[in-house]
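Asks: Predicted structure and sequence below. I'll ask about it afterward.
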Amino acid sequence: MTTSEIVGVWVARIVGSGIIAASAWVLLRFARGDRSRGRRRCPKCWYELGISIESLRCPECGFAARDEAMLLRTRRRLRTVVLAVLLLLPGVGILLAPRVYRDGWPAVVPGPVLSTLVPYVGKDVARRAVDELHARSKDDLAAWVTEESRFVIAHGNADGDNLGRLATWLMMLRDDKQVDARDVARVQELAAEAAVRMLVTIDPLGASGDIEQAAQVLQNADGATQRRASRLLDWLLGLGEEEFAVASGPLVSALWESPGETSVFTVWADGLDGLNEQGARRTLKATAQVRSDHGAMIRVLRRWAGTADGDERAVWRRAVAEEFLPVLARRNSGGE
């Protein structure tokens, strides 16, 4: 910091602290109030009755007190509180001004308020709020994933790198043995939901990088991904052939961890029925790149190709043989 900035900080601290102290003094005066000290006063208009008036009724305004104790109340003026608040607000503002100038407004907002704001403000404001929450959380990966997931759910993959951060943090969190398993499961659920919500709102042809990043999030979200498999597959099956070809490979890889002779691939293969031969070939070739148990994939594809009739069956079997199996063979031999 320059000399002028240091001087400015200290001036702000002195002036702000002085105004806050004045506000505190005014509040103290309100708390003490104007005590009766034995004086009998009307609690409505505060006319002093004195000892000569024995009645509980005020001769000035006509108010009748219930008992003698009401005439001995402490008087407190509401305008004193208003004055204290009017002093407190600018005092706090002046005191915090140097920090806002240096670190931005999120630095002076309480964490729970920042977290609450994220879904309801614009993406730029939300991004600054989430970055500040990350800075306060230090090395708390669970908190990082939670806030970043809430940002993606509310604003999508706004800066093109949110899902990439999520995937990295999820992988680190999964390998951190000191984190409670329940906390890991909770943030995995939130991250998987963020990836799915982002996916179903994008154009695969214009956001292939986002699909790759979302697939990485899903791969690191373990069981949370499988609980969303049907939503992802419904989305895939609703795409056109070119979009399906772009999106199917990375997402099939993310969905693969379902146990047994998974229904995931059965439903996925059903999606190929809506494609022409060119689209099916492109999809099969892309899917062969997936690092999975390809034996189960082949069994599903053979059953699928066997459901066609006549010439169509030959076309689909040829597509599997020429596009899927050669790529798979090269992968297994280490040639690709």
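Replies: Yes, it's here.

Asks: Glu48: how many residues sit nearby?
Replies: 13 (other CB atoms under 10 Å). Yep, even glycine has a C-beta here, placed from its N, CA and C like the rest.

Asks: phi, psi of it?
Replies: phi -80, psi 120 (degrees, to the nearest 10).

Asks: Pairing partners for it in the sheet, please.
Replies: Beta-bridge partners for Glu48, by DSSP bridges, are Arg41.

Asks: who touches it in this structure?
Replies: Contacts here follow CB atoms under 8 Å, 6 or more residues apart in numbering; on that basis Glu48 touches 39-41.

Asks: secondary structure class for Val26?
Replies: Secondary structure, DSSP: H, G, I helix; E, B strand; the rest coil: Val26 is helix.

Asks: pretty sure Arg57 is touching Leu71, no?
Replies: No. With contact defined as CB atoms under 8 Å, Arg57 does not count as touching Leu71 (10.5 Å).

Asks: Counting neighbours, go ahead and name the busier of the two.
Replies: Shown here are Arg57 and Leu71; by other CB under 10 Å, Leu71 has more neighbours (19 against 13).

Asks: right, and the more buried one touches Trp46 too?
Replies: No. Checked against CB under 8 Å, the pair Leu71 and Trp46 is beyond contact range at 10.4 Å.

Asks: now the contacts of Glu48: which count as buried?
Replies: 40-41 (16 or more other CB atoms under 10 Å).

Asks: Tabulate the contacts of Glu48 (JSON lines), appending pLDDT.
Replies: Converted to JSON lines, the contacts of Glu48 look like this (pLDDT from 0 to 100):
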{"residue": "Arg39", "pLDDT": "83"}
{"residue": "Arg40", "pLDDT": "83"}
{"residue": "Arg41", "pLDDT": "86"}
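
Asks: which ones are touching the nearest residue to Trp46 once chain neighbours are set aside?
Replies: Closest residue to Trp46 apart from its sequence neighbours, by CB to CB, 6 or more residues apart in numbering: Arg75 at 5.8 Å. By CB under 8 Å, 6+ apart, the residues touching Arg75 are 33-36, 41, 46.

Asks: What's opposite Arg75 in the beta bridge?
Replies: On the basis of DSSP bridges, Arg75 is bridged to Asp34.

Asks: Could you report the pLDDT at it?
Replies: Predicted confidence (pLDDT) for Arg75: 81.

Asks: separation between it and Asp124?
Replies: 51 Å (CB to CB, to the nearest Å).

Asks: try Ala229
Replies: Separation of Ala229 from Asp124 (CB to CB): 34 Å.
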